[in-house]
Structures are given as C-alpha cells and as structure tokens.
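Asker: how would this look folded up:
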Amino acid sequence: MRKLLVCCCLLLVGLVSGCVHQQRIEWCNYSQTYYAMLKEPTPVLIKEHQDELLHIIDNAETKNKPVPPGVFAEYGYMLAKEGKTKQAVAYYEREVAAYPESEQFVSMLVRMATPDGDAGGDVAKDVAAEKKQAAEKPAKK
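Answerer: Numbers count the residues shown, from 1 in each chain. Okay, here's the model as predicted:
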C-alpha cells in the first residue's frame with residue numbers, strides 16, 4: 001500500500017511538473033532598470049536601461065522569441081531624445097512590424113521625432129504599402 005502511495009505521488013509530481021508554462025516573452029531585468037531610471041534619472045541609470053532594452057531585443061532574437069510589446073518603441077523614443085532620429089524611426093518601424101496595432105501611436109512618435117518630416121522613412125505609409133501588397137498577392141493554396 002505504501003509503495004502504491006509513493007508511486008501515485010511521484011506520478012502526480014511528474015504530471016504537474018510537465019505542465020509548467022513556458023514563457024513566450026522574456027522581459028529580463030526590464031522592471032528593475034526602468035524603476036531605477038524613474039526613481040533617479042541619472043545618465044548612468046538611463047544608459048543602463050537603454051542597454052537592458054537592447055539586451056531584451058538581442059535575447060529575444062537569439063532565442064527566436066517575440067520581442068515584448070513596446071520595447072522597440074521605447075528604445076526608439078530614447079534614441080529620438082538623443083537626437084538620433086533615423087535610428088529611432090528604424091526602431092519605430094520594427095515596433096509596427098511586430099505589433100501592427102501600435103501603428104497609430106508609433107506614427108505619432110515619428111511625427112514628434114521628425115517635425116520637419118525628414119525621418120528617412122514613414123511608418124504609416126510603409127505599413128499601408130505592406131498591407132496593400134499583402135492584399136494584392138493571390139492566396140496560396
């Protein structure tokens with residue numbers, strides 16, 4: 001009887017541990033660096049948070065996982081604040097490519113970053129062109 005109880009317990013543990021949820025998105029140390037940057041926005045902590053955003057992007061791409069929503073846009077925003085407009089727009093475009101529902105918000109960020117309209121790219125136009133191309137392609141059977 002005791003052996004049966006032990007076997008049942010081991011079987012139950014095996015079944016439950018096999019149901020562990022695998023994370024689809026990894027945030028790494030985002031919360032810690034973001035909180036530290038907000039609490040004390042020194043250049044060092046801002047740089048640490050920027051580095052963490054890049055680490056999240058690299059980590060996701062290395063593991064073939066999606067980059068968390070907003071990470072491309074946040075990194076682009078930080079680049080725009082530094083005056084690196086073309087690089088910022090490139091990250092904004094990556095955000096829209098990964099999360100099309102962010103198009104309106106990201107388009108606003110692009111307009112804020114490029115008041116003269118020279119961004120080296122236009123997110124809204126690019127997304128509209130991609131949608132048009134996708135609609136024109138015949139469905140694969």
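
Asker: which residues sit in contact with F105?
Answerer: Counting by Cβ atoms under 8 Å, 6 or more residues apart in numbering, F105 touches A73. For every residue, glycine as well, the C-beta is placed using N, CA and C.

Asker: Tell me how far it lies from T85.
Answerer: To T85, F105 is 18 Å away according to Cβ to Cβ, to the nearest Å.

Asker: for V96, same thing?
Answerer: Distance, V96 to T85, by Cβ to Cβ: 16 Å.

Asker: The two - which one has more neighbours?
Answerer: Between V96 and T85, counted using other Cβ atoms under 10 Å, the more crowded position is V96 (23 against 19).

Asker: mind listing what's buried in the strand or helix carrying the more buried one?
Answerer: Here V96, judged by DSSP states H and E, is contained in helix 85-98. The neighbour-count check on helix 85-98 (16 or more other Cβ atoms under 10 Å) flags T85, A88, V89, A90, Y91, Y92, E93, R94, E95, V96, A98 as buried.
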